[in-house]
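> let's see this in three dimensions:
(chains A and B)
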Amino acid sequence: MARNQERLTFPPLGQPGDPLLEVRDLHTSFRTTRGTVQAVDGVSLSVASGRTLGVVGESGSGKTVLSRSIMGLLPPRDVVRSGTVEFAGHDLTTLPPEQLRQVWGAELSMIFQDPMTALNPVKRIGVQITESIRLHQGLSKKDAMASAVALLHQVGIPSPEDRVRWYPFQLSGGMRQRVMIAIALACSPRLVMADEPTTGLDVTIQAQILDLLSSLQKERNMAMILVTHDLGVVANRADEIAVMYAGRIVERAPTKKLFANTHMPYTRALMDSIPRLSDPSGTRLTAIGGRPPDLINPPAGCRFAPRCSYAQDKCHQSEPPLRSTGEPGDHLFACWYPLSGSATVPVTLKEPPSAGSPTPSNPATPPKDPS
Amino acid sequence: MTIAADQPSEVDDVVLRVDQLVVEFVNGKKRVQAVSGVSFEVRAGETLGLVGESGCGKSTTGRALIQVQPATSGSIEYRGVALNKLSAKELRRVRTKVQMIFQDPISSLNPRRRVKDIVAEPLVIWNQGSKEEQAERVRTMMEKVGIDPDVAGDRRPREFSGGQCQRISIARALMADPELLICDEPVSALDVSVQAQILNLLADLKAQFGLTMVFIAHDLAVVKNVSDRIAVMYLGKLVEISPADDLYDYAAHPYTEALLTAIPEPDPEAGGHHVPLQGELPSPLNPPSGCRFRTRCPYAQDVCAEVEPPLQEVGPGHQVACHFPRPKASAAH
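The predicted structure follows:
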């Protein structure tokens, strides 16, 4: 840390529900040899103290780039970022790297998807946990190690006194993810970004890790952004859910509202693609045909239109804005012909990936005219 | 389709019979049993799901079925032929009938070869047909798995997403016209939306080619969707085997119950009723005495540490290895 840099000051930790993170019109693009990839295209969101926001989307929807872009973790070379990220009174997009380092780990930390590659394979886990404690809190080696042991105990690792001397390869995937959580929470951050924290883990371990995160979050009044491709993971854990598609938020609502009154056909399709235990074996799943579009050259109009069975001419021509349902509770969606009501009308999406020109089909429900 | 177990199954009906399969790995002086005496049958046209946590031996079992991993003892019979007794040459021939698709779709394809060559490989190896006939069969198969042969044929695997690579792997596995397809976690590296596409594709191809399948995964919801019967494994042992729909109505083994409740329900109103499974799988180097699940079992009693529970019938075609199987009523959700 540069000595001559002034220290950032942060307001005292707010009550649950106080504003903490406010992202406004964030754009992030990568310059590549093929052209500019607009990975995040005008995303606005907010997270309050102690609350959880779920960010859901398929691979390639820009959700991981979004979380890294909020953190300011992307390399400056060939990356263009605009918009503001206001976090506890500071705009992270304008902070110099020295000051950002005072934020990372201490106030804002991240749990990465793959705990094997995110941990340093040649350093003992104790050293990796104490690194940020010693940097931010200036503890002695001995005191820092004592708090590392306490942290490992908190994240449910048995005999933590011995395990601090272990290397990552000696731990199972679930244990490594617990170590990642211990590192992320070491300095009691206000906000933790969890990018697919349970992808690649068994369902049993996934349940353990998610339970652990929720209980630690409550204990510490910590806010969380939980990034995942599985709506099932966030259904019971997020206060609010933002669904991303092709770099944009296409629906955002409090969790219960989103499930009870889904407006965007894409959100509905994501829900329907999850195999349900209550369905008899052999039940055909409702798959979303095709893939998310190429972000170098996104389709005109609604970006989901080529895969949407409700798409009409208008959807292919003009892009629907993100607008409010008008009900209380801040339910936003971006669709010209929103689904009305709940799960009663199943969406039948195109099965074969329709390459090239999509054929508009008639919607199953009479569309509401968006006027 | 579910085949009732009380019906005497005909010999012709059984495609695969696994009896007391043991697979050991030697680690220095220590021996690790990854699979400790597993027996099951797979009947023609059915899909058997094999489910359990990482390290339970389900993938090792799958690999032993096609003898990628040699069995230490026990027998694996495909259509009455003991695979673990065959010579390398004979085994090669049988493998055209028993094919496998793997978990990581990208690393299971050779990155330097073109997609059409990857798919054509089984035909080239067995020298089936002329070059033109081979090319034609490759095209047909690629269309069947939903990959456009004109666009994709000359490309290499890195240009494709995980879901598309899995489609290519499936095409390759089906080229040799197998009867039995072993799928080792084919969808666990994929997004839920792509997972649904691949599961539907497998169901279609199964019907079209009359395949028999062994489907290995850790997510019971996925396994239940594709399987006729489900076998649950824990630390190298089979703990429960049952028709798929029965297992959801009545999970007799506490471990199966835990696996079922661990699945996140995509419904915000459903929250909070699950009993999480404590801890992780014990080391197979030193498995617990008696019932291997007892160290994590909320219902374990003294006898569980002393006597290993045998598989016993609790319903038609439904067997469980537990001293205290769950009562039927409490298993209902």
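> the residue nearest the centre of chain A in helix, strand or coil?
Nearest residue to the geometric centre of chain A (CA atoms, centre = their mean): A:Val227, 2.4 Å. With DSSP: H, G, I helix; E, B strand; the rest coil as the basis, A:Val227 sits in strand.
> how much space separates the closest residue to A:Ser61 other than its chain neighbours from chain B?
Closest residue in space to A:Ser61, ignoring its immediate chain neighbours: A:Met244 at 4.5 Å, by CB to CB, 6 or more residues apart in numbering or on different chains. Placement of C-beta: from N, CA and C, glycine included. Applying CB to the nearest CB, to the nearest Å, the value for A:Met244 to chain B is 13 Å.
> sheet-wise, list the partners of the helix or strand containing A:Met244 with their directions.
Element membership for A:Met244 (DSSP states H and E) is strand A:240-245. Sheet pairing here is set by DSSP bridges, and for strand A:240-245 it gives strand A:52-56 (parallel), strand A:248-254 (antiparallel).
> contacts for that strand?
Residues from elsewhere that reach strand A:240-245, judged by CB atoms under 8 Å, 6 or more residues apart in numbering or on different chains: A:43, A:45, A:51-58, A:61-63, A:66, A:231, A:234, A:249-255, A:258, A:264, A:266-267, A:270, A:292, A:303-304.
> and the one helix or strand B:Asp19 maps to, anywhere near chain A?
Following DSSP H and E, one finds B:Asp19 within strand B:14-27. No. Strand B:14-27 lies out of reach of chain A by CB under 8 Å from any CB of the partner chain, never closer than 14.4 Å.
> run the chain-centre distance for that strand.
Here strand B:14-27 is found 14 Å from its chain centre; the criterion is CA atoms, centre = their mean, to the nearest Å.
> adjacent strands (with direction) for it?
Sheet pairing of strand B:14-27 (DSSP bridges) gives strand B:30-43 (antiparallel), strand B:73-78 (antiparallel).
> host element of A:Asp41?
Using DSSP H and E, A:Asp41 falls in strand A:35-48.
> ugh, typo on my part, it should be B:Gly49
strand B:47-51.
> pLDDT on the next helix or strand after that strand, on average?
Per DSSP H and E, the first helix or strand lying C-terminal to strand B:47-51 is helix B:58-65. If you average the pLDDT over helix B:58-65, you get 93.
> close to chain A, is helix B:58-65?
No. Helix B:58-65 is not in contact with chain A by CB under 8 Å from any CB; minimum separation 11.0 Å.
> quick one, what contacts A:Thr255?
Applying CB under 8 Å, 6+ apart to A:Thr255 gives the contacts A:Gly54, A:Val234, A:Ala235, A:Ala238, A:Asp239, A:Glu240, A:Ile241, B:Pro268.
> please apply the same query to A:Glu22.
Contact partners of A:Glu22, counting by CB under 8 Å, 6+ apart, are A:Ser46, A:Thr84, A:Val85, A:Glu86, A:Phe87.
> what are the bridge partners for it, then?
Here A:Glu22 sits in beta bridges with A:Ser46, A:Glu86, going by DSSP bridges.
> if I look at the residue nearest to A:Ser61, how far off is A:His331?
16 Å (CB to CB, to the nearest Å).
> what's the answer for B:Gln312, then?
The gap separating B:Gln312 from A:His331 is 53 Å, by CB to CB.
> neighbour-wise, which of those two wins?
Using other CB atoms under 10 Å in any protein chain shown, the more surrounded residue of B:Gln312 and A:His331 is A:His331, with 19 against 13.
> re earlier: ok, the contacts of A:Thr255 vs A:Lys218, which is closest?
A:Lys218 lies nearest to A:Asp239 out of the contacts of A:Thr255, by CB to CB, at 12.3 Å.
> who are the contact partners of the nearest residue to that closest one once chain neighbours are set aside?
Spatial nearest neighbour of A:Asp239, chain neighbours left out: A:Arg51 (4.7 Å); criterion: CB to CB, 6+ apart. Listed by CB under 8 Å, 6+ apart, the contact set of A:Arg51 reads A:Pro16, A:Gly17, A:Ala223, A:Met224, A:Asp239, A:Glu240.
> from those, which would you call buried?
The neighbour-count test (16 or more other CB atoms under 10 Å in any protein chain shown) applied to the contacts of A:Arg51 identifies A:Ala223, A:Met224, A:Asp239, A:Glu240 as buried.
> tilt between the helix or strand where A:Ile70 lies and strand A:248-254?
Using DSSP H and E, the element containing A:Ile70 is helix A:63-71. Taking axes from the mean of the first three to the mean of the last three CA atoms, to 10 degrees, one finds helix A:63-71 and strand A:248-254 inclined to each other by 80 degrees.
> sec struct for the closest residue to B:Ile263 other than its chain neighbours, please.
The shortest distance from B:Ile263 to any non-neighbouring residue, by CB to CB, 6+ apart, is to B:Ala221 (5.0 Å). Under three-state DSSP, B:Ala221 falls in the helix class.
> list the residues that contact the closest residue to B:Leu109 other than its chain neighbours.
Excluding the flanking residues, the one nearest B:Leu109 by CB to CB, 6+ apart is B:Pro157, at 4.1 Å. Contacts for B:Pro157 (CB under 8 Å, 6+ apart) come out as B:Ile106, B:Leu109, B:Asn110, B:Pro111, B:Arg113, B:Val115, B:Ile118, B:Cys165, B:Ile168.
> could you redo the last one with a cut-off of 7 Å?
By CB atoms under 7 Å, 6 or more residues apart in numbering or on different chains, the residues touching B:Pro157 are B:Ile106, B:Leu109, B:Pro111, B:Val115, B:Cys165, B:Ile168.
> which stretches of the stretch 51-200 of chain B form helices?
Assigned by DSSP state H, counting those that start in this stretch, the stretch 51-200 of chain B shows helices spanning B:58-65, B:88-94, B:115-125, B:131-144, B:149-152, B:162-175, B:192-209.
> turn those into TSV, including distance to A:Pro97 and mean neighbour count.
Output for the helices of the stretch 51-200 of chain B, formatted as TSV (distance: least, CB to CB, whole Å; neighbours: other CB atoms under 10 Å in any protein chain shown):
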stretch	distance to A:Pro97	mean neighbour count
helix B:58-65	44	24
helix B:88-94	59	12
helix B:115-125	43	20
helix B:131-144	49	16
helix B:149-152	43	14
helix B:162-175	34	24
helix B:192-209	37	21
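> can you redo the contacts of A:Thr255 as CSV with distance to B:Asp302?
What follows is the contacts of A:Thr255, written out as CSV (distance: CB to CB, whole Å):
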residue, distance to B:Asp302
A:Gly54, 45
A:Val234, 42
A:Ala235, 40
A:Ala238, 43
A:Asp239, 45
A:Glu240, 49
A:Ile241, 47
B:Pro268, 42
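> circling back to that earlier point, now for the residue nearest to A:Ser61, how many residues are close by?
A:Met244 has 26 nearby residues by other CB under 10 Å.
> relative to B:Ala173, how far out is the closest residue to B:Ser227 other than its chain neighbours?
Once flanking residues are discounted, B:Ser227 sits nearest to B:Gly49: 3.3 Å by CB to CB, 6+ apart. For B:Gly49, the distance to B:Ala173 equals 18 Å [CB to CB].
> which secondary element of chain A has the worst mean pLDDT?
One helix or strand of chain A scores below all others by mean pLDDT, DSSP states H and E: helix A:115-118, with a mean of 82.
> for that one, what is the distance to the chain centroid?
Put simply, helix A:115-118 sits 18 Å off its chain's centre (CA atoms, centre = their mean).
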